[in-house]
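Colleague: let's see this in three dimensions:
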Amino acid sequence: QVQLVESGGGLVQAGGSLRLSCAASGSGFSLNDMGWYRQAPGKQRELVATITRGGTTNYSDSVKGRFTISRDNAKNTVYMQMNSLKPEDTAVYYCNARWVLMTVEYESWGQGTQVTISS
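Modeller: Sure thing, here's the model as predicted:
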């Protein structure tokens, strides 16, 4: 089983920046795609950004140009730099990872980290 531990959430003013990190731990696994999702109160969880093992990225239209996802494969860690934050970015952010063990692909989620943007 792969566990994901997120860090870096918090409260910032509109226009500010935050950097989220998510580290995967376990043994014998190989990470595939990793990503960030978010869920605002009363809304469904939505994709924010994903990154393949080779570094190909995908972003939701709402964060393009403001957020940057990256990963360090040696550290089994994914990051998301969030700039020009808006109040509508307020949500719980969840890390997601797809990983392979013995040729079978699994999926794990982090516990979530709160991001609050004040206007």
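
Colleague: which residue is nearest the middle of the chain?
Modeller: For the chain, the residue nearest the mean C-alpha position is Trp36 (2.6 Å; C-alpha atoms, centre = their mean).

Colleague: so Asn32 makes contact with Val104?
Modeller: No: Asn32 lies out of contact with Val104 (C-beta atoms under 8 Å); the separation is 11.7 Å. All C-beta spots, glycine's among them, are computed from the backbone N, C-alpha and C.

Colleague: who has more neighbours, these two?
Modeller: Asn32 (14 against 7; other C-beta atoms under 10 Å).

Colleague: host element of the more buried one?
Modeller: strand 30-39 (DSSP states H and E).

Colleague: please name the strands paired to that strand in the sheet, noting orientation.
Modeller: Partners of strand 30-39 in the sheet, by DSSP bridges, are strand 46-51 (antiparallel), strand 91-101 (antiparallel).

Colleague: which strands and helices lie in contact with the helix or strand following the shortest one?
Modeller: On the C-terminal side of strand 46-51, the nearest following helix or strand under DSSP H and E is strand 57-59. Applying 3 or more C-beta pairs under 8 Å, 6 or more residues apart in numbering; DSSP states H and E, we find strand 57-59 packed against strand 46-51, strand 67-72.

Colleague: partner strands of the last one and their direction?
Modeller: Think strand 67-72. In the sheet, strand 67-72 lines up against strand 77-82 (antiparallel) (DSSP bridges).

Colleague: pLDDT (mean, whole number) over the strand it pairs with?
Modeller: Strand 77-82 shows a mean pLDDT of 98.

Colleague: now stretch 22-30
Modeller: Average pLDDT, stretch 22-30: 92.
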